[in-house]
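Asker: Got a sequence here, can you model it:
(2 chains)
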Number of protein chains: 2
Amino acid sequence: MSNLFVTTSLHTWEQSIKRATGFFDNCGDEELLQPIVPGKNRVIYLLGHLAAVHDRMFPLLGLGDRLYPHLDDLFITNPDNPEAAYPAVHELRRAWAAVNTGLTEKFRSWSPEEWLQKHTAVSDADFAKEPHRNRLSVVLNRAGHVQYHLGQLVWYKK
Amino acid sequence: MSNLFVTTSLHTWEQSIKRATGFFDNCGDEELLQPIVPGKNRVIYLLGHLAAVHDRMFPLLGLGDRLYPHLDDLFITNPDNPEAAYPAVHELRRAWAAVNTGLTEKFRSWSPEEWLQKHTAVSDADFAKEPHRNRLSVVLNRAGHVQYHLGQLVWYKK
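Answerer: Numbering: from 1, shown residues only, chains lettered A, B, ... in the order given. Coordinates of the predicted model:
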């Protein structure tokens, strides 16, 4: 029965990634440089932001080192800044794809027990009291975070 | 072990509801009548929309009749319309709270097996082939839908 919980949760993650990827793939490079609505983040900022947040999931989930630590300064620590030197759009697209492919492969290989292991940002003592602070909760949370920004991205008018 | 999958999924649902409720509670009645950003939905539309979508979860999850079927026409079938006669704000706030309280009580009472039962919009034949089309998937999907609109709501500037 646990396997069905895994399948369903994994499906939620994969659907969020698919939907966001569809959005970004549908935007030309020039469109990525436009604000979603006047005065708000540019599309490129959310692409970099989501790539950076997902890249951080590797160490958070105990899956080894991250691939693109240099993204944090531009896309997590600081707000969108059209004056700053951003990576090339194709590099960000590649980072987004690579990070999600790597994560999803790992998720598909996890047993139900591995899904319920603690993530690395919770102590053993806290985890003993709050066993829902596990890898599953991180994956569901990040799928929700993608949805959150998708709700904003769909307001972008070409 | 299945119980931990349930606890974690339920937590994801409850966090989404809590966050959206916090947003709406923090908006005065007059603020609800403002567009989130110029040219986009008013806050009240998303309150009614989320209440209506969650109300539809009762029959979808086999939990009996819905409470507020009259909301669909204004908040699902049609887009936001400042000219239309909307229910009073306090009624919508009450509907949002009542629907979520009712749903969450049911979810808390479900066994792991009950979480994995099929929802009513999938046929027996399809469910046999795609067992992830279960109640859990609906609850996770709707939690993601709340996040989607929360991403928009946070752009509302008082």
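Asker: Please make it C-alpha for all contacts and neighbour counts, starting now.
Answerer: Noted.
Asker: For chain A, what lies in contact range of chain B?
Answerer: A:1-2, A:4-5, A:7-9, A:11-12, A:113, A:116, A:131-133, A:136-137, A:140-141, A:143-145, A:147-152 (C-alpha under 8 Å from any C-alpha of the partner chain).
Asker: I'd assumed A:R133 was in contact with A:V122.
Answerer: Yes: taking C-alpha atoms under 8 Å as the definition, A:V122 is a contact partner of A:R133 at 7.2 Å.
Asker: Neighbour count for these two, which is higher?
Answerer: Each of A:V122 and A:R133 has its neighbours counted (other C-alpha atoms under 10 Å in any protein chain shown); A:R133 has more, 22 against 15.
Asker: for that one, what are its contacts?
Answerer: Contacts for A:R133 (C-alpha atoms under 8 Å, 6 or more residues apart in numbering or on different chains) come out as A:K118, A:H119, A:V122, A:F127, B:T8.
Asker: how far off helix B:135-153 does the helix or strand hosting A:V146 point, in degrees?
Answerer: When elements are assigned from DSSP states H and E, A:V146 belongs to helix A:135-153. Interaxial angle of helix A:135-153 relative to helix B:135-153 (axes from the mean of the first three to the mean of the last three C-alpha atoms, to 10 degrees): 40 degrees.
Asker: and the end-to-end length of stretch A:68-85?
Answerer: 16 Å (C-alpha to C-alpha, to the nearest Å).
Asker: buried set for it?
Answerer: For stretch A:68-85, a neighbour-count test (16 or more other C-alpha atoms under 10 Å in any protein chain shown) marks A:Y68, A:L71, A:D72, A:L74, A:F75, A:I76, A:D80 as buried.
Asker: Now do it: everything it contacts.
Answerer: A:N41, A:R42, A:Y45, A:L46, A:G48, A:H49, A:A52, A:V53, A:D55, A:R56, A:Y86, A:A95.
Asker: any idea how far that stretch is from the chain center?
Answerer: 15 Å (C-alpha atoms, centre = their mean, to the nearest Å).
Asker: nearest to A:G102, of the buried residues of stretch A:68-85?
Answerer: Nearest to A:G102, judged by C-alpha to C-alpha, of these is A:Y68 at 12.5 Å.
Asker: B:S137 versus the closest one, what's the distance?
Answerer: Distance of A:Y68 to B:S137, given as C-alpha to C-alpha: 32 Å.
Asker: again with A:L150
Answerer: 19 Å.
Asker: swap in A:S16?
Answerer: A:S16 is 13 Å from B:S137, by C-alpha to C-alpha.
Asker: Same question for A:T21.
Answerer: 21 Å.
Asker: Mind listing what's buried along the helix ranked longest in chain A?
Answerer: Ranked by number of residues, the top helix in chain A under DSSP state H is helix A:2-25. Neighbour counts using 16+ other C-alpha under 10 Å place A:2, A:4-6, A:8-10, A:12-13, A:16-17, A:20-21, A:24 of helix A:2-25 among the buried residues.
Asker: Output the below-cut-off pLDDT ranges for chain A.
Answerer: Across chain A, the ranges flagged by pLDDT under 70 are A:158.
Asker: show me where it has helices.
Answerer: Using DSSP H, helices in chain A cover A:2-25, A:29-32, A:43-55, A:57-60, A:71-72, A:89-109, A:112-115, A:124-129, A:135-153.
Asker: And the residue nearest to the spatial centre of chain A, how far from chain B?
Answerer: Closest to where the C-alpha atoms of chain A average out (C-alpha atoms, centre = their mean) is A:H54, at 3.3 Å. With distances taken as C-alpha to the nearest C-alpha, to the nearest Å, A:H54 is found 17 Å from chain B.
Asker: That residue and A:T101 touch, don't they?
Answerer: No: contact between A:H54 and A:T101 fails when scored by C-alpha under 8 Å: they sit 10.7 Å apart.
Asker: quick revisit: and which of the contacts of stretch A:68-85 is nearest chain B?
Answerer: A:N41 (10.6 Å; C-alpha to the nearest C-alpha).
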